[in-house]
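1. structure for this input, please:
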Amino acid sequence: MKVFIGVVVGFVGFAGLVILEMFLRGFALVKLWKWFAVAHFGAEPIPISVALGISLIVGILTHQSNQWKNHELDFIAVGTAALLSPLLALFIGWIITLFM
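-> Reported below is the predicted structural model:
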């Protein structure tokens, strides 16, 4: 029974992490789109729903399945990398806007 509860808790935690990562990527895309595409090319702003869809499409088309091939799979390390990636992109984009 304890093993089953551990599996369920792990699954729910993983699903929550994936959903949080999707929303962070969508938020980062909305902000980056606004800073660069709207401001400089006159493109229309995109809502978070469109950003989530674009993020999912790009993620599927560019998925790197062997990213952790030679490393021990550590849930905390993978989760941290997944959450920091969109935040790092947003931070770098913000720094770039300071020079525009």
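
2. phi, psi of residue 46?
-> In terms of degrees, to the nearest 10, the main-chain angles of residue 46 are phi -110, psi 140.

3. wait, it sits on residue 30?
-> Yes - counting by Cβ atoms under 8 Å, residue 46 sits close enough to residue 30 to count as a contact (6.2 Å). The way it works is simple: take the backbone N, C-alpha and C, and place the C-beta from them, glycine included.

4. compare these two (neighbour count), which wins?
-> Neighbour count, other Cβ atoms under 10 Å: between residue 46 and residue 30, residue 30 has more, with 21 against 18.

5. show the contacting residues for that one.
-> Taking Cβ atoms under 8 Å, 6 or more residues apart in numbering as the contact definition, residue 30 lies against 45-48, 51.

6. select from the residues you listed the one having the most neighbours.
-> Each of the contacts of residue 30 was scored by neighbours using other Cβ under 10 Å; the highest score is residue 51's, at 22 neighbours.

7. list the buried residues in the helix or strand where that residue lies.
-> When elements are defined using DSSP states H and E, residue 51 is found to belong to helix 48-61. Within helix 48-61, the residues scored as buried using 16 or more other Cβ atoms under 10 Å are 51-52, 54-55.

8. I'd like those residues laid out as CSV, including distance to residue 3.
-> What follows is these, written out as CSV (distance: Cβ to Cβ, whole Å):
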residue, distance to residue 3
51, 39
52, 34
54, 39
55, 34
